[in-house]
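**Student:** how does the following fold in three dimensions:
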Amino acid sequence: MTEAMNGLTESQKQAVALLTRPLPPFEPKSAATLAAEQKAAEARAIANAEIGDLIPRQGVFLGEYAPKDRDGNSLGKIFNVFAAPQDLTDASGKKEVFKYVDAVNRVAELKDWNGFNGTNYATDKELYQALKNGSYDGGWIIPTRDILRGNDVDGQATTPDNLYIHKEKGALAGTFCTAASSGSDFPGWYWSSTENRDTSSGVHNVRFSDGNEDWFLKDLIRLSCRPVRMMEASSPAQRGN
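**Tutor:** You can find the predicted model right below:
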């Protein structure tokens, strides 16, 4: 090796030394380190997300949500909301319309659907309770009226970042159904989980072609459903830092 080096210039010798230097021993990262790095990368992606961005391992970013219960009481929490990139499907993966009671059951059955399991909340009442006591685990839910259309149970504006208003942004564009009704199927209408104050047999829904709102019986007609999920954020200032 020494004799071979004799005919080389100084810069060539330096290059050879660099290429033949001993490499440090390889130390694989621990599972905990990899998980922490993944979590940090996801947090950065959310902090810099725009409405409609598809965030890997999360969903389509819809904005922030500061929930209030049906009596107008703040839950004192703020969530980042992510929509599924598609409407609720049947067990074979085909887009389907559902009676509300069947949509609740189908969401509860979801396993690793777009990366997450479903939850089992009969109406918004059960969801608010889970948000209050911390038992909600980030799974798919049927959106409340304010997440679906931006209004609370009484029709008061609460949530400017909602599915209807952002339906044509980013990865959400072109993914909602606006087809005409046929018989008892209304694919252009979408369920919320918000139960009517006067009758527990009805829940709120929205027609996505024009934003028209109504209350339909839970077990009568079949509508579309766009599940969402939430992840608690520390404060509104968390994003954009």
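**Student:** what's Val60 sitting at in phi/psi?
**Tutor:** With angles defined as degrees, to the nearest 10, Val60 sits at phi -90, psi 120.
**Student:** how much space separates it from Phe176?
**Tutor:** Computed as Cβ to Cβ, to the nearest Å, the Val60 to Phe176 distance reads 12 Å. Glycine gets a C-beta too; all of them are placed from N, C-alpha and C.
**Student:** start and end of stretch 195-212, how far apart?
**Tutor:** 17 Å (Cα to Cα, to the nearest Å).
**Student:** what residues sit buried inside it?
**Tutor:** Glu195, Asn196, Gly202, Val203, His204, Asn205, Val206, Arg207, Phe208 (16 or more other Cβ atoms under 10 Å).
**Student:** let's have the residues you listed in JSON lines, adding pLDDT and secondary structure.
**Tutor:** As requested, the buried residues of stretch 195-212 are exported to JSON lines (pLDDT from 0 to 100; DSSP: H, G, I helix; E, B strand; the rest coil):
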{"residue": "Glu195", "pLDDT": "98", "secondary structure": "strand"}
{"residue": "Asn196", "pLDDT": "97", "secondary structure": "coil"}
{"residue": "Gly202", "pLDDT": "97", "secondary structure": "strand"}
{"residue": "Val203", "pLDDT": "98", "secondary structure": "strand"}
{"residue": "His204", "pLDDT": "98", "secondary structure": "strand"}
{"residue": "Asn205", "pLDDT": "98", "secondary structure": "strand"}
{"residue": "Val206", "pLDDT": "98", "secondary structure": "strand"}
{"residue": "Arg207", "pLDDT": "97", "secondary structure": "strand"}
{"residue": "Phe208", "pLDDT": "97", "secondary structure": "coil"}
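**Student:** tell me the one of those nearest Gln156?
**Tutor:** His204 (13.1 Å; Cβ to Cβ).
**Student:** leaving out chain neighbours, which residue sits closest to the residue nearest the centre of the chain?
**Tutor:** When Cα atoms, centre = their mean is applied to the chain, the residue found nearest the centroid is Phe82 (2.1 Å). Sequence neighbours aside, Gly59 is the residue nearest to Phe82 in space, at 3.0 Å (criterion: Cβ to Cβ, 6 or more residues apart in numbering).
**Student:** model confidence for that neighbour, exactly?
**Tutor:** Gly59 is assigned 96 on the pLDDT scale.
**Student:** who does Glu213 bridge with?
**Tutor:** According to DSSP bridges, the residues that bridge with Glu213 are Val206.
**Student:** residue contacts, Arg222?
**Tutor:** Val97, Phe98, Lys99, Asp102, Ser184, Asp185, Phe186 (Cβ atoms under 8 Å, 6 or more residues apart in numbering).
**Student:** break down this protein into its helices, ranges please.
**Tutor:** 2-5, 10-20, 31-47, 100-109, 124-133, 145-148 (DSSP state H).
**Student:** mean neighbour count, those helices: which tops it?
**Tutor:** Of all these, helix 145-148 carries the top mean neighbour count, a mean of 26, counting by mean count of other Cβ atoms under 10 Å.
**Student:** quick one: residues contacting the closest residue to Thr119 other than its chain neighbours.
**Tutor:** Using Cβ to Cβ, 6+ apart and skipping residues adjacent in sequence, the residue nearest Thr119 is Gly139, 4.2 Å away. Gly139 is in contact with Leu110, Phe116, Asn117, Gly118, Thr119, Arg229, counting by Cβ under 8 Å, 6+ apart.
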